[in-house]
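**Student:** this one's structure only:
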């Protein structure tokens, strides 16, 4: 058990280092000169001397591997540098923006789990009824409709047609808790739609597989009630692959939240990323991509450890 966790931690650290390296070098392949952007762009027509002085100030004249080693050493200490545009430390801005994105991802994940798993169980236990194809059609809708289309539909229906919820914007929770909850509902619901469909379909498939297993037939032949077999045995075993899918979907939500934040004008970390890429603000882009990668790897590490706790065969392998 202990060695399994140690191996998984080591693999995760190696993955973080690989991702950090790829992020750093791939950004330096982007066209454009950050020094020129800081000086107002090509339209400002800065002198070559001014551009050279700015590159010297930003440390862009140093060899690429020297820049890389310096950035890795600072990142390992939690120092992600300063923005090239406004010279603000990257860390505080990332924490602020990440918190706003998590304000969407956490409720969206909870909603997908709380609704998706019961719907999947219900569809599996009513396989031969009209309920199953109805729920399967809803899941297919969640798979098929892009998140930005779903967001636009929600904005039109709830925000413009019914006028029961704000169509866009952001209100800090500490300033107005009720207002925050109102503006959070639509983007969180939009973000959860695809994950809810995935969790429901995975739950249905896994529960059906477990219900057809020999141990279920044996338990039923001994007189155990169907609900007891379903919830204490079949669903418990089905939760192993479901938990893995949930972990992957949470990581994918960071990608899906890019469009959701754009549709609802939500000032999260992904809108911050797009703005920083356009400005060639290397430290900010590197910090955001590294942070998202670390969180994605960390979520999967937690899922692997939870999987090992639930299934001893995983630890033995």
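**Tutor:** Looks like it arrived, so ask away. Bear in mind that the values here come from a model prediction, so they are computed numbers and not experimental data. Numbers count the residues shown, from 1 in each chain.
**Student:** Residue 158 versus the residue nearest the centre of the chain, what's the distance?
**Tutor:** Residue closest to the mean C-alpha point of the chain, counted by CA atoms, centre = their mean, is residue 254 at 2.8 Å. When CB to CB, to the nearest Å is applied, the distance between residue 254 and residue 158 equals 24 Å. Just so you know, the C-beta spots here come from the backbone N, C-alpha and C atoms, and that holds for glycine as well.
**Student:** likewise residue 114?
**Tutor:** Plainly put, residue 114 is 20 Å away from residue 158 if you go by CB to CB.
**Student:** Next: residue 85.
**Tutor:** Here the distance between residue 85 and residue 158 works out to 36 Å (CB to CB).
**Student:** Now for residue 148, how many residues are close by?
**Tutor:** 15 (other CB atoms under 10 Å).
**Student:** And what about it, helix, strand or coil?
**Tutor:** For residue 148, the secondary structure call by DSSP: H, G, I helix; E, B strand; the rest coil comes out as helix.
**Student:** Please name the residues that touch the nearest residue to it once chain neighbours are set aside.
**Tutor:** Excluding the flanking residues, the one nearest residue 148 by CB to CB, 6 or more residues apart in numbering is residue 259, at 4.2 Å. Residue 259 makes contact with 146, 147, 148, 151 under the criterion CB atoms under 8 Å, 6 or more residues apart in numbering.
**Student:** can I assume residue 259 sits in a strand?
**Tutor:** No. Counting by three-state DSSP, residue 259 falls outside a strand, being helix.
**Student:** domain assignment for the protein?
**Tutor:** The domain map for the chain lists 2-76, 95-278, with the assignment taken from automatic domain parsing.
**Student:** Out of the ones you listed, name the one with the poorest average pLDDT.
**Tutor:** When the domains of the chain are compared on average pLDDT, domain 2-76 comes out lowest at a mean of 77.
**Student:** how long is it from one end to the other?
**Tutor:** Distances were taken as CA to CA, to the nearest Å; on that basis the terminal residues of domain 2-76 are 25 Å apart.
**Student:** before we move on, the earlier item: could you measure the residue nearest to residue 148 against residue 149, distance?
**Tutor:** For residue 259, the distance to residue 149 equals 9 Å [CB to CB].
**Student:** Strands of the stretch 201-317 of the chain, residue ranges please.
**Tutor:** Listed in chain order, the strands of the stretch 201-317 of the chain (DSSP state E, counting those that start in this stretch) amount to none at all.
**Student:** Neighbour-wise, which one of the contacts of residue 259 leads?
**Tutor:** Among the contacts of residue 259, residue 151 has the most neighbours (other CB under 10 Å), with 24 neighbours.
**Student:** before we move on, which element is that residue in?
**Tutor:** With the criterion set as DSSP states H and E, the secondary-structure element containing residue 151 is helix 147-154.
**Student:** what helices or strands is that helix leaning on?
**Tutor:** Taking 3 or more CB pairs under 8 Å, 6 or more residues apart in numbering; DSSP states H and E as the contact definition, the neighbouring helices and strands of helix 147-154 are helix 177-211, helix 235-264.
**Student:** Run the chain-centre distance for the first one.
**Tutor:** It refers to helix 177-211. Once both centres are worked out by CA atoms, centre = their mean, to the nearest Å, helix 177-211 turns out to sit 14 Å from its chain's centre.
**Student:** got the angle between that helix and helix 235-264?
**Tutor:** Computed with axes from the mean of the first three to the mean of the last three CA atoms, to 10 degrees, the direction of helix 177-211 lies at 140 degrees from that of helix 235-264.
**Student:** Can you list the buried residues in helix 177-211?
**Tutor:** Applying a neighbour-count criterion of 16 or more other CB atoms under 10 Å, one finds 180, 183-208, 210-211 buried in helix 177-211.
**Student:** hang on, the earlier thing: which stretch among the helices and strands packed on helix 147-154 comes nearest residue 50?
**Tutor:** Distance to residue 50, taken as CB to CB, is lowest for helix 235-264 among those, at 34.5 Å.
**Student:** what's the angle between that closest one and helix 147-154?
**Tutor:** An angle of 70 degrees separates the directions of helix 235-264 and helix 147-154 when computed by the same axes, to 10 degrees.
**Student:** just the helices in the stretch 51-200 of the chain please.
**Tutor:** Per DSSP state H, counting those that start in this stretch, the stretch 51-200 of the chain carries helices over the ranges 64-76, 90-125, 131-144, 147-154, 177-211.
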